[in-house]
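>>> For reference, the sequence and a predicted model appear below.
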Amino acid sequence: MNTNTLDKMNRMRLFGMHRAFKTSLETTPGAIITADEMVAMLIDSEWDDRYNRSIDRSVNNAKFRYKATLEQLDYADTRGLDKNHIHRLADGDFVRKKTDLLITGSTGTGKSFLASAIGHQCCQLGFKVLYANATKLFAQLKMAKADGSVIKELMKIEKQDLLILDDFGLQTLDAGSRSSLMDIIEDRHGKHSTIITSQLPVKQWYDIIGEKTVADAILDRIVHNADRIELKGESLRRKVKNNEE
């Protein structure tokens with residue numbers, strides 16, 4: 001009977017229940033357990049299993065640049081990273097409030113790592129997150145416009161609770177990229193949160209976007225009410241390399 005029960009659990013994809021029931025048979029043979037205790041144990045195991053698989057799917061779908069967690073962050077005084085600020089972001093309230101976050105700093109100061117860590121934490125909280133390199137994303141959207149799938153791609157971006165737009169400003173936007181950025185920001189404004197990382201200070205983003213009217217429209221939506229983090233100090237990559245030498 002137990003073998004049949006385990007087989008049916010597998011067929012019904014009740015993997016958490018299957019594992020818990022099998023473990024109970026192997027480790028506590030003959031143990032006295034009430035019906036309600038058994039049901040509670042099976043339900044808890046199934047709940048935990050589905051929750052963990054959901055988190056794994058969210059992290060995989062996000063396609064983060066780094067497998068980063070908040071616990072791995074370096075809070076050295078020279079970095080300009082406030083632990084209390086990060087802890088406030090870690091509760092996900094900025095996503096619930098549809099607030100944007102701008103992370104700036106020189107090359108190698110850990111902008112992408114920080115954004116990935118915050119994004120990973122948001123996945124743990126049940127939010128849908130997407131990481132994208134800005135240059136690659138704009139190129140993909142150009143190709144999507146050419147094959148007629150751009151609306152589908154923009155809808156996918158719009159549905160994310162949190163979009164991480166990494167390495168923004170590495171090159172001046174052309175008309176197509178400028179239009180794509182305007183579409184993304186317009187679709188998400190007041191509905192979902194966006195994290196933007198950039199080597200350039202925000203005041204230089206006007207020049208990167210180009211065309212003053214469009215730049216004003218985009219930055220008006222993402223800058224004035226956004227939270228900000230400015231990372232400082234020497235390149236962490238260079239620091240690691242020097243330590244290895």
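That came in fine, so what should we check first?
>>> contacting residues around Tyr75?
By C-beta atoms under 8 Å, 6 or more residues apart in numbering, Tyr75 lies in contact with 81-83. Where C-beta positions appear, they are placed from N, C-alpha and C, glycine not excepted.
>>> Out of those, give me the one that has the most neighbours.
Counting neighbours by other C-beta atoms under 10 Å, the top entry in the contacts of Tyr75 is Leu81, with 21 neighbours.
>>> check which helix or strand covers the closest residue to it other than its chain neighbours.
Distance criterion C-beta to C-beta, 6 or more residues apart in numbering; nearest residue to Leu81, sequence neighbours excluded, is Tyr75 at 5.5 Å. Tyr75 belongs to no helix or strand when assigned by DSSP states H and E.
>>> Out of the contacts of Tyr75, the closest to Gln140 would be?
Leu81 (31.1 Å; C-beta to C-beta).
>>> just the strands in the protein please.
Using DSSP state E, the strands of the chain run over 101-104, 129-133, 162-168, 193-198, 227-230.
>>> The third one vs strand 129-133, what angle?
The reference is to strand 162-168. Per axes from the mean of the first three to the mean of the last three C-alpha atoms, to 10 degrees, the angle that strand 162-168 makes with strand 129-133 is 10 degrees.
>>> And for strand 162-168, what's in contact with it?
62, 64-65, 95, 111-112, 115-116, 119, 122, 127-135, 137, 157, 184, 188, 192-199, 205, 208.
>>> List the residues that contact the residue nearest the centre of the chain.
Closest to where the C-alpha atoms of the chain average out (C-alpha atoms, centre = their mean) is Gly119, at 2.8 Å. The contact partners of Gly119, taken as C-beta under 8 Å, 6+ apart, are 62, 64, 129, 131, 162, 164, 195.
>>> now Leu101
Taking C-beta under 8 Å, 6+ apart, we find Leu101 in contact with 89, 94, 118, 193-196, 226-229.
>>> that older thread, filter the contacts of Tyr75 down to the ones in helices?
Among the contacts of Tyr75, the members found in helices (DSSP state H) are Lys83.
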